[in-house]
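[1] Take this sequence and fold it.
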Amino acid sequence: MKTVLITGANKSIGLETARQLLKQGYYVYLGSRDVAKGEEAVSELKAEGLTNAEVIEIDVNNAASVKAAREVLGTKTKVLDVLVNNAGILGVQPQGSLQATANDFKEVFETNFFGVIETTQAFIDLLKQSAAPRIVNVTSGLGSLTLHSDPTWKYYPYKAACYVSSKAALNAYTITLAYDLRELPFKVNAVDPGYTATDFNNHSGSGTVEDAAARVVKAATLGADGLTGQFFSDDYDPETGISPW
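    Below is the predicted model:
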């Protein structure tokens, strides 16, 4: 049975991603900063008959927590097939480039960028034991520098400086990570789940968590012929599913 760790998995897109992967036969470790909320999510899944799930306590902003999560997971499995770096924050609002402070930027980067690096490096040894390891970095269409430079793009006015910068940085890390793992059977990709109605945006998004999670799951379950080092976004191009960086 293949295994997957999803950070920020106790609600919204993370939880739905867990649900969909469970239905595909994966054993899912739900990464949650709050264990109680994680346990509630697991109970919800088990009530649906999806029993191969358990909580892993992990706060991606805390190096000690990430290290502890790796140690705990190592007692449960020697192989991790998929890592979904889903945990993310929007940050303080508004986020004008001249109004947001350096500390505002740092707060968002701690979760959206540095947390991904910390987690990926902590679990890379378990991923290397998989015959077909997959890393999915959940990003945003707002992380595309090309689109943010195009006045005709539908989201062009949404210039949340902290969030946009953190996701652009995450995209850059995805490119370099995929390159560094190119000689191994990894597939490393960034996935834009779309403008989804969640607590993250006060449910202002037009997309559903089911559709958003399906995009993440697609990248998490890529076959040997799948692409790596890509920025997947059905919102930009439904035919190719690829966004410009």
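[2] Helices along the chain, start to end?
    12-23, 35-47, 63-76, 102-109, 115-127, 145-148, 161-180, 209-220 (DSSP state H).
[3] Point out the most buried one among those helices.
    Stretch with highest mean neighbour count among the helices of the chain: helix 12-23 (a mean of 23; mean count of other C-beta atoms under 10 Å). (Each C-beta comes from the backbone N, C-alpha and C, glycine too.)
[4] Run through the neighbouring helices and strands of that helix.
    Using 3 or more C-beta pairs under 8 Å, 6 or more residues apart in numbering; DSSP states H and E, the elements in contact with helix 12-23 are strand 3-6, strand 27-32, helix 35-47, strand 82-85, helix 209-220.
[5] thinking again about what came up before, how about TSV for the helices of the chain, with mean pLDDT and distance to residue 6 added?
    Below are the helices of the chain laid out as TSV (pLDDT from 0 to 100; distance: least, C-beta to C-beta, whole Å):
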stretch	mean pLDDT	distance to residue 6
helix 12-23	98	5
helix 35-47	98	10
helix 63-76	98	12
helix 102-109	98	20
helix 115-127	98	11
helix 145-148	97	27
helix 161-180	98	16
helix 209-220	97	9
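[6] I'd like those helices as TSV, with distance to residue 231 appended.
    Shown next, in TSV, are the helices of the chain (distance: least, C-beta to C-beta, whole Å):
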stretch	distance to residue 231
helix 12-23	17
helix 35-47	28
helix 63-76	25
helix 102-109	19
helix 115-127	15
helix 145-148	10
helix 161-180	6
helix 209-220	11
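[7] so which of the ones you listed comes closest to residue 232?
    Checking the helices of the chain against residue 232 by C-beta to C-beta gives helix 209-220 as the closest, at 5.9 Å.
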